[in-house]
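> the sequence and its predicted three-dimensional model are supplied below.
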Amino acid sequence: MLWLPRRRDGASSSSAPSFLIVIVLLVSSAAFVLGQVDQFKPFLLKNMLPTMPRSFAIWPNDYFEKVPPADRPHHYTTSHYIPSCNNWSIPATRMNDYMFQTEALLTGLGLNIYDGAVWCIALSVLNETQTCASYIQDVLVAHRTVQFPDIRGDAQCKGAIEYGQCSDPTASGVCGFCYGDTSDRTLTVQNAYFFRMISDYWAIEGTVDARCPELKHEWTWNDYKPILGENAWAVLLGPLHNAMMRAGNDPTKIPDSDPCFTLGIPFLQALEAMKIGTTGAIYYTPRNTWFGFGKTAQNIGSTFSVENQASLLAGLEALNWTISMASSQTYKSYLPQIAGFINGLKTILLRAYDKTHNYFRQGGTYDPKTGGITWGQNNEPLFAVDCQTWVSAVLGTQLIDGTFGAGTAYNLWQTVKLHANYSCPDGSLCGVGYTDNTISGQVLSGEWTYGAMNWINVMIADSGYDAAEIADLQNDLMNLEFGLETYVWVSTPVSNSTESYNSVKYADRRYWIPFGWYANPLPATSSTAWATLYLAGFNPFNVDKGKYTRSYSSPKTKFQLE
């Protein structure tokens, strides 16, 4: 592929004569058309499993084989008992090999349901509403895939391991999923959270489990984590946007039987079970969700993610508006319940703002005995880029500035650039990463940079900032566009195709994200979908035609500053 990235002034970065550039663009069928909204559509349609999209395309095909040993997992330092290996002492080296094997197979054969939602929204914007609707109906509504009869975390709760109510020394899942702090903590297949990662494949023929290769067991699917944030996108935002666009953006024409309601309304029962005391927050995951052998990992069910609260707030505001605008009365009785959730979520999000460090904290841990919150989740960093970009885009600039003082949102963006900027060779802004650069250096995230640009567009639209501030924000947008187009826009084969397809990489390099996963420089459905939405001028947090302004209202927060 031959492609000439544009400079910030819009010109080609090459000094080649213009007629040569024209020849290059004509000869190279894979060349990017800068600004063309549908240029990523072929990738979004091609990068598929039998019934769903894949989160990533692996290119080159041997990418994981070539990852240097130093860049592979080294998390395990002690041996562990693995029942399927009939062995009490699988050494740390094999455990780490298995962790890397798992990463490669999940990446190549899995779908994060959040990625599925943004894929759905992007394709709906590109007039592929039925492609999205088929995935929602055949996978989510049916709650099954080719080799999985159930993709929800609905195993019966037999007691929380964290509180000593149930024992599972072999980590085989015998204690089930325990939702929240209520007496009956089991949810059904109709309202339990979906697993965050799904696939059409459970057993992968030709693989050998790296923990005990001598037994020649196949590697089998091992990611069973029902997470709030992914569900907010998969159950609410994805189906609601798709329903709106199938109805010609007229909510009065969405039928009562639409999946946006048949998925969204039962989800409210899960949220009721997962409420965190009177804080307004919703738990991150059910208790007993497997996040590792350590005690801290067992405590994950007592935590909440701030980004998850923002995703849920956006989804519930979308559901609230859609039901309010609908001609049918069927679901209007749920509006007070939804309003209560919205009010509580705004409360906890504003409470998450750290006025000393001037950013929203990443998460917290709740003690149900005392009702107190300790800020921090699972020993992860308190600063996360998406907790600034997504939270601010969902709350809106006027609420943030009205609560914490004029210019707070604008200054928060300066804080993001200070902590997590990705610099071009000349030192100028070219993107953002995941967390503070002091942790593992600079990295350019395709997905998270587009999330930041979405927030900047919200600030431009709803802040009332003066001309100089707006011009500064617009200049940042231009610089970020340049960085993305230069460093993470790619054109590669997909699924052994002979053609190349335009897409956006997840990151510019392999990078351990301290919130629990590796970023890889691979074509990503999430980054590519966000790029499509950005080029279309579409805000996925607003179900009313993707407007950047806060075009629908919701109950005012009752949060009082401490």
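Yes, it's here.
> please, which helix or strand holds the residue lying closest to residue 152 once chain neighbours are set aside?
Once flanking residues are discounted, residue 152 sits nearest to residue 192: 4.4 Å by CB to CB, 6 or more residues apart in numbering. Yep, even glycine has a C-beta here, placed from its N, CA and C like the rest. Using DSSP states H and E, residue 192 maps to neither a helix nor a strand.
> which residues touch residue 192?
152, 153, 154, 177, 179, 226, 270 (CB atoms under 8 Å, 6 or more residues apart in numbering).
> pick out the most distant pair among these.
152 and 179 (11.6 Å; CB to CB).
> okay, the two: which has more neighbours?
residue 179 (29 against 22; other CB atoms under 10 Å).
> picking up where we left off before, secondary structure, pLDDT and distance to residue 51 added to the contacts of residue 192, as a markdown table?
Converted to a markdown table, those look like this (DSSP: H, G, I helix; E, B strand; the rest coil; pLDDT from 0 to 100; distance: CB to CB, whole Å):
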| residue | secondary structure | pLDDT | distance to residue 51 |
| --- | --- | --- | --- |
| 152 | strand | 98 | 16 |
| 153 | coil | 97 | 20 |
| 154 | coil | 97 | 20 |
| 177 | coil | 96 | 24 |
| 179 | coil | 96 | 27 |
| 226 | strand | 98 | 20 |
| 270 | helix | 97 | 24 |
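> return the member of the residues you listed nearest to residue 302.
Out of those, the member with the shortest distance to residue 302 (by CB to CB) is residue 179, at 12.7 Å.
> which one is the closest one nearest to, not counting chain neighbours?
Using CB to CB, 6+ apart, the closest residue to residue 179 is residue 273 (4.3 Å).
> by neighbour count, which of the contacts of residue 192 wins?
Taking other CB under 10 Å to define a neighbour, the member of the contacts of residue 192 with the most is residue 179, carrying 29 neighbours.
> surely that one and residue 274 touch.
Yes: if you go by CB atoms under 8 Å, residue 179 and residue 274 touch, sitting 5.7 Å apart.
> what do those two both touch?
With CB under 8 Å, 6+ apart, residue 179 and residue 274 have common neighbours 283, 286.
> any idea how far stretch 360-368 is from the middle of the chain?
Distance of stretch 360-368 from the chain centroid (CA atoms, centre = their mean, to the nearest Å) equals 19 Å.
> how about it: buried residues?
Along stretch 360-368, these residues count as buried under the neighbour rule (16 or more other CB atoms under 10 Å): 360, 361, 362, 363, 364, 365, 366.
> am I right that the fifth one sits in a helix?
No: with DSSP: H, G, I helix; E, B strand; the rest coil as the criterion, residue 364 is assigned strand and is not in a helix.
> residues contacting residue 523?
So residue 523 contacts 43, 47, 56-57, 59, 490, 492, 494, 501, 503-506 (CB under 8 Å, 6+ apart).
> quick check, pLDDT for it.
Looking at residue 523, its pLDDT is 98.
> and it, how close does it get to residue 442?
21 Å (CB to CB, to the nearest Å).
> list the contacts of the closest residue in space to residue 136 that isn't next to it in sequence.
Once flanking residues are discounted, residue 136 sits nearest to residue 259: 5.0 Å by CB to CB, 6+ apart. Neighbour list for residue 259: 133, 136, 137, 140, 141, 239, 243 [criterion: CB under 8 Å, 6+ apart].
> and the buried ones among those, selectable in ChimeraX?
Command for ChimeraX that selects the buried part of these, burial taken from 16+ other CB under 10 Å:
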select :133,136,140,239,243
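> between the contacts of residue 259, which is nearest residue 101?
Using CB to CB, these come closest to residue 101 at residue 140, 28.1 Å.
> surely the closest one and residue 194 touch.
Yes: contact criterion CB under 8 Å: residue 140 and residue 194 qualify, at 6.9 Å.
> can you list residues touching both of the two?
113, 234, 235.
> give me the buried subset of the residues you listed.
113, 234, 235.
> returning to that earlier point: wait, isn't the residue nearest to residue 179 in contact with residue 185?
Yes: using CB under 8 Å, residue 273 makes contact with residue 185 at a distance of 6.9 Å.
> name the residues contacting each of those two.
residue 179.
> show me where the protein dips below the pLDDT cut-off.
By pLDDT under 70, the low-scoring segments of the chain are 1-35, 183, 551, 553-562.
> returning to that earlier point: in the contacts of residue 523, which residue is surrounded by the most others?
Ranking these using other CB under 10 Å puts residue 503 first, with 31 neighbours.
> wait, a helix at that residue?
No: going by three-state DSSP, the assignment for residue 503 is strand, not a helix.
> can you name the residues bridging to it?
Under DSSP bridges, the beta-bridge partners of residue 503 are residue 490.
> what ranges does the stretch 251-400 of the chain have for its strands?
303-305, 353-354, 359-360, 363-367, 372-375 (DSSP state E, counting those that start in this stretch).
> any chance of those in CSV, plus distance to residue 87?
Compiled in CSV, the strands of the stretch 251-400 of the chain are given as follows (distance: least, CB to CB, whole Å):
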stretch, distance to residue 87
strand 303-305, 32
strand 353-354, 46
strand 359-360, 45
strand 363-367, 34
strand 372-375, 37
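> among those, which is nearest residue 251?
strand 303-305 (29.3 Å).
> each with direction, which strands does that closest one pair with?
strand 363-367 (antiparallel).
> I would like the residues contacting the strand it pairs with, please.
Counting by CB under 8 Å, 6+ apart, 276-277, 279, 281, 283-284, 299, 302-306, 352, 372-378, 380 sit against strand 363-367.
> among these, name the buried ones.
276, 279, 281, 283-284, 299, 302-306, 352, 373, 377-378, 380.
> count of neighbours near residue 432?
29.
> quick one: it and residue 413 touch, right?
No: counting by CB under 8 Å, residue 432 does not reach residue 413; the two are 9.9 Å apart.
> identify the contacts common to the two.
residue 452.
> list the contacts for the nearest residue to residue 87 once chain neighbours are set aside?
Nearest non-adjacent residue to residue 87, counting by CB to CB, 6+ apart: residue 212, 6.3 Å away. Residues in contact with residue 212 (CB under 8 Å, 6+ apart) are 82, 84, 85, 86, 87, 90, 94.
> and the furthest pair within the residues you listed?
86 and 94 (13.9 Å).
> so these two - more neighbours on which side?
Taking other CB under 10 Å, residue 86 and residue 94 do not tie; residue 94 has more neighbours (20 against 9).
> is the more buried one in a helix, a strand, or coil?
helix.
> show me what contacts it?
Contacts of residue 94 by CB under 8 Å, 6+ apart are 210, 211, 212.
> just give me the closest of these to residue 550.
Among these, and counting by CB to CB, the member closest to residue 550 is residue 210, at 49.3 Å.
> tell me which residues of the strand or helix carrying residue 402 come out buried.
Using DSSP H and E, residue 402 sits in helix 397-404. Of all the residues in helix 397-404, those buried under the rule 16+ other CB under 10 Å are 397, 399, 400, 401, 404.
> leaving out chain neighbours, which residue sits closest to the first one?
Spatial nearest neighbour of residue 397, excluding adjacent residues (CB to CB, 6+ apart): residue 463 at 3.9 Å.
> what of the fourth one?
Counting by CB to CB, 6+ apart, residue 401 lies nearest to residue 408, which is 5.0 Å off, once chain neighbours are set aside.
> tell me how far that neighbour lies from residue 541.
19 Å.
> which one's more surrounded, those two?
Set residue 408 next to residue 541 and count neighbours by other CB under 10 Å: residue 541 wins out with 25 against 17.
> element containing residue 88?
Using DSSP H and E, the element containing residue 88 is strand 87-90.
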